[in-house]
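K.L.:
my questions are about this predicted structure, shown below with the sequence.
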Amino acid sequence: MKIESQIEKISSFQHLELLANQVVEGFISGMHKSPFHGFSAEFAEHKVYNTGESTKHIDWKLFAKTDRLYTKCFEEETNLRCHIIIDNSSSMHYPKLKDDQQFYESKIGFSVLASAVLMNLLKKQRDAVGLSVFSDSYEYYAPEKGSDRHHRMILNKLEGLLDNSKEKKQTDTITYLHQIAEKIHRRSMIILFTDMFQSENEEALFNALQHLKHDKHKVVLFHVVDNETELKFDFDNAPRKFIDVETGDEVVIFADNVKEEYEKQVVDYFKKLALTCAQNKIKYIPVGVGESFEKILTAYLIEKQKFG
């Protein structure tokens, strides 16, 4: 389910909510072909109108289609609490987008739209959502709530992340994952979008990920990468200057001279991440920028079924 086949290209990220809704609606309509046949019952947001009830919440559009009276359900109680965490360090604003590219073709843009897509699904299921954003500081925190106003506030924050500031921001994943873990008290599903780029102690990083699981939280790690350049190191063999977007460090090399060793180290790192996450019962899912959002929605629904 490529985005392009779901919607016309929408260039402005003011349409984030509309875009997210299009992706989710396309996903739900295809559910009858998937392992989630019957799952769409969870999206029942109406009940039959009974004579004598208030007419305030009758869905007149549905009446026009079905010739039956239904009222919209507004349940205060939520089924699930979900906290989304986004890494907003400078490396997440890679690759630098050309004028004809869509915002979701960078790692941060992909993570923002994926988060909005998950929020849309959570809203349909009357679940509560919260958001944390970190880089070299704890940039933003909103606790888990289910109101429309809260959703709009978080969507507004997500849109703001797409403004690529020139300021270099490094990644202090360890410090801020520990701080975020301390803030989430009631059992939640925690979804993390990060490119896992940092030079710190790997053991300390895995301890921080493990901390997120305290209080029986379920943790899903979406490891966001640009497959062509970060995984395959797909560059021509002219001498190129590579710049660390977080530190400003530079190195000039021929890509072919290091390609084989680079790819080996990347594969080894991914395997180690996957293994350590599996040992800690953290769901690890590598996702490439530009991949289908069906992968993210399906993973979320599978984990939700295990959450109970």
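P.N.:
Received, thanks. Numbers count the residues shown, from 1 in each chain.
K.L.:
for the lengthiest helix in the chain, what does the pLDDT average out to?
P.N.:
Counting residues, the longest helix found in the chain (DSSP state H) is helix 255-279. Average pLDDT, helix 255-279: 89.
K.L.:
how about the nearest residue to residue 288, chain neighbours excluded?
P.N.:
For residue 288, ignoring the flanking residues on the chain, the nearest one in space by CB to CB, 6 or more residues apart in numbering is residue 227 at 3.9 Å. Glycine gets a C-beta too; all of them are placed from N, C-alpha and C.
K.L.:
wait, that neighbour sits on residue 270?
P.N.:
No. Residue 227 is beyond contact range of residue 270, at 11.5 Å (criterion: CB atoms under 8 Å).
K.L.:
still on that earlier bit, tally of neighbours for the residue nearest to residue 288?
P.N.:
14 (other CB atoms under 10 Å).
K.L.:
ramachandran angles for it?
P.N.:
Backbone torsions for residue 227, taken as degrees, to the nearest 10, come to phi -60, psi -40.
K.L.:
likewise for residue 155?
P.N.:
Torsion angles at residue 155 (phi, psi; degrees, to the nearest 10) stand at phi -60, psi -40.
K.L.:
so who does it touch?
P.N.:
16-17, 116, 119 (CB atoms under 8 Å, 6 or more residues apart in numbering).
K.L.:
then residue 191?
P.N.:
Residues in contact with residue 191 (CB under 8 Å, 6+ apart) are 82-85, 115, 118, 219-220, 222, 300.
K.L.:
count of neighbours near residue 284?
P.N.:
Using other CB under 10 Å, the number of residues around residue 284 comes to 19.
K.L.:
how about residue 65?
P.N.:
Quick note: residue 65 (other CB under 10 Å) scores 9 neighbours.
K.L.:
tally of neighbours for the closest residue to residue 276 other than its chain neighbours?
P.N.:
Of all residues not flanking residue 276 in the chain, residue 206 sits nearest, at 5.2 Å (CB to CB, 6+ apart). Number of residues near residue 206 (other CB under 10 Å) recorded here: 18.
K.L.:
for the particular helix or strand that has residue 23 in it, packing partners?
P.N.:
Element membership for residue 23 (DSSP states H and E) is helix 16-29. Here helix 16-29 touches helix 3-6, helix 107-124, helix 148-160, helix 294-307, going by 3 or more CB pairs under 8 Å, 6 or more residues apart in numbering; DSSP states H and E.
K.L.:
adding distance to residue 245 and mean pLDDT, write those out as CSV.
P.N.:
As requested, the helices and strands packed on helix 16-29 are arranged in CSV below (distance: least, CB to CB, whole Å; pLDDT from 0 to 100):
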stretch, distance to residue 245, mean pLDDT
helix 3-6, 25, 48
helix 107-124, 11, 94
helix 148-160, 19, 93
helix 294-307, 25, 87
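K.L.:
could the ones you listed go into a markdown table alongside distance to residue 50?
P.N.:
A markdown table is the format used below for the helices and strands packed on helix 16-29 (distance: least, CB to CB, whole Å):
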| stretch | distance to residue 50 |
| --- | --- |
| helix 3-6 | 38 |
| helix 107-124 | 24 |
| helix 148-160 | 26 |
| helix 294-307 | 31 |
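K.L.:
could you look up the SS state of the residue lying farthest from the centre of the chain?
P.N.:
What lies farthest from the middle of the chain is residue 52; by CA atoms, centre = their mean that is 43.5 Å. What DSSP: H, G, I helix; E, B strand; the rest coil gives for residue 52 is coil.
K.L.:
what do you get for the one 10 residues further on?
P.N.:
Under three-state DSSP, residue 62 falls in the helix class.
K.L.:
measure it to residue 68 for me?
P.N.:
The gap separating residue 62 from residue 68 is 8 Å, by CB to CB, to the nearest Å.
K.L.:
those two - which one has more neighbours?
P.N.:
With neighbours defined as other CB under 10 Å, residue 62 and residue 68 compare such that residue 62 has more, 16 against 10.
K.L.:
returning to what we had before: please identify the buried residues of the helix holding residue 23?
P.N.:
Across helix 16-29, burial judged by 16 or more other CB atoms under 10 Å covers 16-17, 19-24, 26-28.
K.L.:
now for this structure, the helix or strand with the poorest mean pLDDT.
P.N.:
Every helix and strand of the chain was ranked by mean pLDDT, DSSP states H and E. The lowest is helix 3-6, at a mean of 48.
K.L.:
isn't residue 106 up against residue 91?
P.N.:
No. Taking contacts as CB under 8 Å, residue 106 lies outside contact range of residue 91: 10.5 Å.
K.L.:
wait, what's in contact with residue 193?
P.N.:
84-87, 111, 114-115, 222, 224.
K.L.:
could you redo the last one with a cut-off of 7 Å?
P.N.:
86-87, 111, 114-115, 222, 224 (CB atoms under 7 Å, 6 or more residues apart in numbering).
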